[in-house]
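How does the following fold in three dimensions:
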Amino acid sequence: NFLAGIVANTGVRPFVVLLLGGINDLSNNYITGYDATIWTDLKTIIEKVQAAGGLPLVKVNEPTRSIDTLTKRRNRAALADTIQTWAAGRTDVAVMDIEAAWRQYGLGVTWERATRGAVGDEVHPNLLGAILHGYAGRDALRDFVRFAPPWARSDFAGTVVGSVATMTGTAGT
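Next up is the predicted model:
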């Protein structure tokens, strides 16, 4: 749905487009091998973002309480492996591994603590979880984007193309 807005944006076209790696599909599906269905759809979206001139940043391995069965955990791992293997060495897609960042930078904090208090579901990140997401994004984009300190930029207009309630205010993302 956001692709039309990205293509139509004639001002500052977003260079990086964050794509969630099928987390809701994984959370809501108990079918063994459903990761392959998610990957088919996600790859199509990735290719459309690339064709529109954006760099897809695909978020994988997000630990959530809703990945609550062995089948879901296996599907999550298989999808992450597929995406990371496909993206390895490519210069037109970046992969943001949330669990890897959590293990590297989380200092032993449980994922529940990094999500508690955001919207109360132990799924969406709070401020701590958002910081871990930031580290994951920075690590994923290190080879694609030259980072400048915030004070080097004076105009933040057009930074966000789309937003939902959990992306604004106190939700932490």
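
When you work out contacts or count neighbours from here on, use the C-alpha atoms and nothing else.
Noted.

give the contact list for residue 141.
Neighbouring residues of residue 141 by CA atoms under 8 Å, 6 or more residues apart in numbering: 57, 94.

ok, it to residue 73 distance?
Distance, residue 141 to residue 73, using CA to CA, to the nearest Å: 26 Å.

can you check residue 143 too?
Distance from residue 143 to residue 73, by CA to CA: 29 Å.

With neighbour numbers in mind, choose between the two.
Between residue 143 and residue 73, counted using other CA atoms under 10 Å, the more crowded position is residue 73 (18 against 10).

Tell me the confidence at the more buried one?
pLDDT recorded at residue 73 is 90.

so it touches residue 66, yeah?
No. Counting by CA atoms under 8 Å, residue 73 stays clear of residue 66, with 9.8 Å between them.

Look up the closest residue to residue 137, ignoring the ones flanking it.
Using CA to CA, 6 or more residues apart in numbering and skipping residues adjacent in sequence, the residue nearest residue 137 is residue 96, 5.6 Å away.

Mind jotting down where the strands sit in the protein?
Counting by DSSP state E, residue ranges of the strands within the chain are 16-20, 55-60, 94-97.

Report pLDDT for the residue sitting nearest the centre point of the chain.
With distances taken as CA atoms, centre = their mean, the residue of the chain nearest its centroid is residue 59 (2.8 Å). pLDDT for residue 59: 94.

tell me the contacts of residue 16?
By CA under 8 Å, 6+ apart, the neighbours of residue 16 are 54, 55, 56, 57.

give me that answer again for 10 Å
Residues near residue 16 by CA atoms under 10 Å, 6 or more residues apart in numbering: 49-50, 53-58, 93-94, 141, 144-145.

ok, now residue 114?
Counted by CA under 10 Å, 6+ apart, residue 114 has contacts 102, 106, 122-132.

By neighbours, which of these wins?
In these, the most neighbours by other CA under 10 Å go to residue 125, 27 neighbours.

what's the burial count for the closest residue to that one other than its chain neighbours?
With sequence-adjacent residues excluded and distances taken as CA to CA, 6+ apart, residue 125 is closest to residue 115, at 4.2 Å. Per other CA under 10 Å, the neighbour tally for residue 115 reads 25.

returning to what we had before: what's the least confident stretch among the strands of the chain?
Per-stretch mean pLDDT for these is lowest at strand 16-20 (a mean of 89).

That strand: partners in the sheet, and parallel or antiparallel?
strand 55-60 (parallel) (DSSP bridges).

which residues does the residue nearest to residue 54 when sequence neighbours are not counted contact?
Sequence neighbours aside, residue 15 is the residue nearest to residue 54 in space, at 4.8 Å (criterion: CA to CA, 6+ apart). Counting by CA under 10 Å, 6+ apart, residue 15 makes contact with 6, 49, 50, 52, 53, 54, 55, 56, 57, 145.
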